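S.K.: predicted structure and sequence below. I'll ask about it afterward.
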Amino acid sequence: MIEIIFHARGGQGGVTASQILATAAFFEKKYSHAVPYFRGERKGAPVLAYARVSDDPMVERGPIINPDIAIIMDAALLKTVNPLKPIKPNGLAIINTGKSPAEILQASENKTIRISTLDATALSEKIYGKSAIPKVNILMLGSLAALTKMVRVESILAAIDEYFTGDNGAKAKESVKLAYDHVLGTMQK
């Protein structure tokens, strides 16, 4: 079982991203579920969402304490909620930032993790334009697909159809492809 925590700000789509990931895994005949964690969130406040993906049936339904993967949609959360600390050894953090993985790891208490960075905000602006709260959630899923092969990018694209229609769906699919290709291109350098 792979456990994923999504750290986002209200309005960034962390909960939606967790649901799309779980749906993509389901399309691949895997067991999966997404669990939003709500407090008194409002736009801009820190938000959590959880997802689990497994080849075997799962019993666990509660919050994830020590994730295998943390997806951090706003790098400012690194200072306020310390999302890197609980990641399992050799776990993965995917962070929306222009900083390098080495810069992030140097500042982290948890030196046993792998870090991947993606400037999802800049990529989002290519598709959606500038926004007070950039739409980075789907881009982060494209990065996850490229880095982990947990689910195929085609499954994420199919899952998007369950959540978005029309222009929103087309832009979401474009976002996934853009991030996926960007990460694969970075990995080949």
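M.R.: Ah, there it is.
S.K.: so residue 48 sits against residue 5, correct?
M.R.: Yes. Residue 48 is within contact range of residue 5, at 6.4 Å (criterion: C-beta atoms under 8 Å). No exception for glycine: its C-beta is placed from N, CA and C like everyone else's.
S.K.: who has more neighbours, those two?
M.R.: Neighbours were counted for residue 48 and for residue 5 using other C-beta atoms under 10 Å; residue 5 has more, 25 against 21.
S.K.: how close does the residue nearest to the more buried one when sequence neighbours are not counted sit to residue 93?
M.R.: Distance criterion C-beta to C-beta, 6 or more residues apart in numbering; nearest residue to residue 5, sequence neighbours excluded, is residue 67 at 4.4 Å. Per C-beta to C-beta, to the nearest Å, residue 67 is found 9 Å from residue 93.
S.K.: any common contacting residues for the two?
M.R.: When contacts are counted by C-beta atoms under 8 Å, 6 or more residues apart in numbering, residue 67 and residue 93 have residue 87 as shared neighbours.
S.K.: report the buried residues of the biggest helix by length in the chain.
M.R.: Taking DSSP state H as the criterion, the chain has its longest helix at helix 166-188. In terms of neighbour count (16 or more other C-beta atoms under 10 Å), helix 166-188 has its buried residues at 171-180, 182-183.
S.K.: could I get those as JSON lines with distance to residue 126?
M.R.: Output for these, formatted as JSON lines (distance: C-beta to C-beta, whole Å):
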{"residue": "171", "distance to residue 126": "10"}
{"residue": "172", "distance to residue 126": "14"}
{"residue": "173", "distance to residue 126": "14"}
{"residue": "174", "distance to residue 126": "9"}
{"residue": "175", "distance to residue 126": "9"}
{"residue": "176", "distance to residue 126": "13"}
{"residue": "177", "distance to residue 126": "12"}
{"residue": "178", "distance to residue 126": "7"}
{"residue": "179", "distance to residue 126": "11"}
{"residue": "180", "distance to residue 126": "14"}
{"residue": "182", "distance to residue 126": "10"}
{"residue": "183", "distance to residue 126": "15"}
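S.K.: sorry, back to before: quick one, what contacts the residue nearest to residue 5?
M.R.: By C-beta under 8 Å, 6+ apart, the residues touching residue 67 are 3-5, 86-88, 91.
S.K.: in those, find the pair that's most separated.
M.R.: Comparing all pairs in the contacts of residue 67 by C-beta to C-beta, the longest separation belongs to 4 and 86, at 12.4 Å.
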